[in-house]
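[1] The following comprises the amino acid sequence and a computationally predicted model.
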Amino acid sequence: MAVDSSTPSRTTTPRWNNPLGVKPRLVAASALMLFLELALIRWTGSNVVHLSCFSNFVLLGSFLGIGIGILRSGRAKRLPYYSPIMLGLLVAVIAWKPVTVDRGTSSSVIYFTSLDTTGPPVWVILPIVFIAAAVVLAGPAELVGRCFAELPRLTAYRFDLIGSLIGIVAFTGLSFLGAPPIWWGLIVTIGFLALMVPQPRATAAVLSGALVLTPMLVMLGVLFHESTRPENSWSPYYKVQTATSSFENTPLLTITVNGVPHQQAIPAEKRLQWEPQYGTPYERAVAGKQPGNVLIIGAGSGTDVAIALSKGAKHVDAVEIDPRIRDIGRESNPDHSYQDPRVTSHIDDGRAFLSRTDKKYDLILLALPDSLTLVNGASSLRLESYLFTQQAFESAKEHLAPGGAFAMYNYYRETWLIDRLASTAEQAFGHKPCVDKVGDNLQQAVVTVGLTEADQTCATAWAGTTSITPPPATDNRPFLYLFTDRIPSLYLVTLALVLLAGIIGVGIAGGGSSYRRMRPYADLFLLGAGFMLLETKSITGFALLFGTTWVVNAIVFAGVLVAVLAAVEVTRKFKTPPLKVMYVVLFGGLLLSWVFPDSWLLSMPIGLRALVAVLVAFMPIFAANVIFAKRFTDTADGTASFGANLLGAMLGGCLEYAALIIGFDGLLIIAALLYLGAFLLRPKALTTSA
């Protein structure tokens, strides 16, 4: 039986006058750290237009800050009051002057943002938010690092993971309840006060309380104002704002998410009168027949559902991923379409819904499903990414009844994007679709394709692809809005600035000794980078297999932490095989993930799919963390080794963007190379004894 015999770090840490024991402090600090990271990603993305499409940069900043905080913990002479101060300043500045980012004129990658965006370029804003996130997260990480110095290695890591799980569960619970950000702020404030206000000395307590409470009161004031405005509400994905107006004596309800106009609830009759293209799929698809069963993906506030009913649909399955937007439609849509007995609403991901139903439809419609946010933890995967791949169109084809059709419409911005979607439909259905373009600069278009060519009636023939039309997106590379097969220069410049900030920040935080302290732990650095890629591959894989909903995402995040915690517990309580053997298990798990791709798992029944997916995804994660736990146990400097691992995770977050070129499956190859490097750099003395 293995025993956690590692000793606390020899690094001298300042006295921390707090009545809580070291283990409760560690759990509380870790929970605060994870909760604050998730809250920061959500809140900045909802108030900095365009940032929700770059939320990974906040995550990268968090990793840098956590690594720096861990490294600073052994030499800092005071508690990290800079963290709540920076948090209060960041919230106040964004609230005082909201940032509306200029998305520029490049057509190499499309973002569905506000049409009149102005302000500094993205490559300026992202590093600023990145640095602010790093400073904010460094504080709780420093508190975690102080606890690490007082406990045996694996004991500290164990309670760190427990705290992280608590942080994830707490934020997930608030998301489920639709809690506004004032509740996030209250929890963060309580966490900072509990951890950073010493009790024994009254004078010190008053001073510390002032340093923590003053910026937190500023933050709470901003969040209270935002949370109590009647037009604001919160879904698990967005800050949702509603506004009423009228046009030609017709009431309009405009829904804005994260600062960007998203949709309007308009009477179906007026929508068809003002914008007749919304009725085009019914003219092209069923050749004058009334559709029987209709599936609408992206049903939103219900106007598209009302149009389907007005066209004679006998039953409509309305799929919407955001429960708050659906509820607004249920309460306020002028046609009350969700109350119609012919309508069944589903809160789900459209691709996942298709994979679970055996129902056949006369019309499947993608009704403007353009999300304004990323799947949390994935650098370039949007909520709707898996709806527009060739495999998704083939799945839609399989769910069409004889004589049925598949259609989509949106404001596509670029001609190449319309042609790409039409080409994807042609590849999936075997014949050219109907393409109806609306003459405006937003390139609105309707693409309709029948189950057979006889099941569609086109006004004019689509001209076909051009020399610049990108190939169809696939489940491996589901980047519909990326024009080239290269990483856009916007990403490259911003990532370069992020890495530069990381190099400088680590050097400053460690007083020149950080890199010297971390040098013996190069293998742990690579383990951190590899683990980040494994986590990303798990998140994107489960998103494809079970949907991009926040519930699936939260379950995967929690599952990863449970797998890591299980690896720690096994290492603590049992004698595990030597490192060489565990590396063999790890590479075997990576090979298993490569041999059994997500496309193969999609063909399985849902229960078997879940079982195999968990085995394939979490086997390498478990093996990798047994390796980390065994190696971490024997380190001489616990904070430096743990900091190196976290900074490696930041590198892994940057390497995620390689998926834009090689696809998500290719991340397994990069992860394997990183783990091979870690194996070669491992201390040779631990090869057989560990």
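    Okay, I see it.
[2] can you pull the contacts of T228?
    Neighbour list for T228: P180, I182 [criterion: C-beta atoms under 8 Å, 6 or more residues apart in numbering]. (C-beta placed from N, C-alpha, C; glycine too.)
[3] Read off the pLDDT value for it.
    pLDDT for T228: 93.
[4] Of all the residues in stretch 409-420, which ones are buried?
    Y409, N410, Y412, R413, W416, L417, I418, D419, R420 (16 or more other C-beta atoms under 10 Å).
[5] following the helix or strand harbouring the second one, which helix or strand comes up?
    Secondary-structure assignment from DSSP states H and E places N410 in strand 400-411. Next in sequence after strand 400-411, counting helices and strands by DSSP H and E, comes helix 415-429.
[6] Need the contact partners of that next one.
    Residues contacting helix 415-429 (C-beta under 8 Å, 6+ apart): 107, 110, 388-390, 393-394, 396-397, 406, 408, 412, 432-433, 435, 437, 443, 445, 447, 449-451, 462, 464-466, 468-473, 480-481, 483.
[7] Spell out, range by range, the helices that occur in the stretch 301-450 of the chain.
    303-310, 323-332, 350-356, 390-398, 415-429 (DSSP state H, counting those that start in this stretch).
[8] Hmm, I typed the wrong one, I wanted the stretch 551-690 of the chain.
    Taking DSSP H, counting those that start in this stretch as the criterion, the stretch 551-690 of the chain carries its helices at 579-595, 598-601, 606-633, 638-655, 659-681, 686-689.
[9] do the same with the stretch 51-200 of the chain
    55-72, 82-96, 122-148, 153-177, 181-196.
[10] now, of those helices, which is deepest in the fold?
    helix 55-72 (a mean of 28; mean count of other C-beta atoms under 10 Å).
[11] Specify the angle between that one and helix 82-96 in degrees.
    160 degrees (axes from the mean of the first three to the mean of the last three C-alpha atoms, to 10 degrees).
[12] CA-only coordinates of helix 55-72 in PDB, if you can.
    What follows is helix 55-72, C-alpha atoms only, in PDB (Å, rounded to 0.1, in the frame of the first residue of the first chain):
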ATOM      1  CA  SER A  55     -13.100  33.500 -23.800                       C
ATOM      2  CA  ASN A  56     -10.200  31.100 -24.000                       C
ATOM      3  CA  PHE A  57      -7.900  34.100 -23.600                       C
ATOM      4  CA  VAL A  58      -9.400  34.800 -20.200                       C
ATOM      5  CA  LEU A  59      -8.800  31.100 -19.400                       C
ATOM      6  CA  LEU A  60      -5.200  31.500 -20.500                       C
ATOM      7  CA  GLY A  61      -4.800  34.600 -18.300                       C
ATOM      8  CA  SER A  62      -6.200  32.600 -15.400                       C
ATOM      9  CA  PHE A  63      -3.700  29.800 -15.900                       C
ATOM     10  CA  LEU A  64      -0.800  32.300 -16.000                       C
ATOM     11  CA  GLY A  65      -2.100  34.100 -12.900                       C
ATOM     12  CA  ILE A  66      -2.600  30.800 -11.000                       C
ATOM     13  CA  GLY A  67       1.000  29.700 -11.900                       C
ATOM     14  CA  ILE A  68       2.400  33.100 -10.900                       C
ATOM     15  CA  GLY A  69       0.500  33.000  -7.600                       C
ATOM     16  CA  ILE A  70       1.800  29.600  -6.800                       C
ATOM     17  CA  LEU A  71       5.300  30.700  -7.500                       C
ATOM     18  CA  ARG A  72       5.000  33.900  -5.400                       C
END
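[13] Give the other helices and strands that it contacts.
    helix 22-47, helix 122-148, helix 489-509, helix 514-518, helix 638-655 (3 or more C-beta pairs under 8 Å, 6 or more residues apart in numbering; DSSP states H and E).
[14] starting at the chain centroid, how far to it?
    16 Å (C-alpha atoms, centre = their mean, to the nearest Å).
[15] tell me the angle it makes with helix 638-655.
    Using the same axes, to 10 degrees: helix 55-72 against helix 638-655 is 160 degrees.
[16] Make 64 the first number, not 1, from now on.
    Right, with 64 as the first residue, what we last looked at is helix 118-135.
[17] averaged over its residues, what pLDDT does helix 118-135 have?
    Taken as a whole, helix 118-135 has a mean pLDDT of 83.
[18] And stretch 576-585, by the same measure?
    83.
[19] What are the buried residues along that stretch?
    Buried residues in stretch 576-585 (16+ other C-beta under 10 Å): S577, R580, M581, P583, Y584, A585.
[20] what's the first-to-last distance across it?
    15 Å (C-alpha to C-alpha, to the nearest Å).
[21] which residues touch that stretch?
    Residues contacting stretch 576-585 (C-beta under 8 Å, 6+ apart): 134, 569-570, 573, 588, 698-700, 703-704, 706-708, 710, 744, 746.
[22] 10 Å instead?
    74, 130-131, 134-135, 137-138, 566, 568-571, 573, 587-588, 590-591, 694-695, 698-700, 702-708, 710-711, 740-741, 743-746 (C-beta atoms under 10 Å, 6 or more residues apart in numbering).
[23] what does stretch 153-161 give?
    Against stretch 153-161 from outside (C-beta under 10 Å, 6+ apart): 103, 106-107, 109-112, 114, 162, 182, 191-192, 195-196, 198-199, 244, 248, 278-279, 281-286, 288-289, 322.
[24] Now list the buried members of these.
    103, 106-107, 109-112, 114, 162, 182, 191-192, 195-196, 198-199, 244, 248, 278-279, 281-286, 289, 322.
[25] Please identify the most buried of the helices of the stretch 614-753 of the chain.
    Scoring the helices of the stretch 614-753 of the chain by mean count of other C-beta under 10 Å, the most buried comes out as helix 701-718, with a mean of 26.
[26] just checking, what packs against it?
    Applying 3 or more C-beta pairs under 10 Å, 6 or more residues apart in numbering; DSSP states H and E, we find helix 701-718 packed against helix 118-135, helix 185-211, helix 216-240, helix 552-572, helix 577-581, helix 585-609, helix 669-696, helix 722-744.
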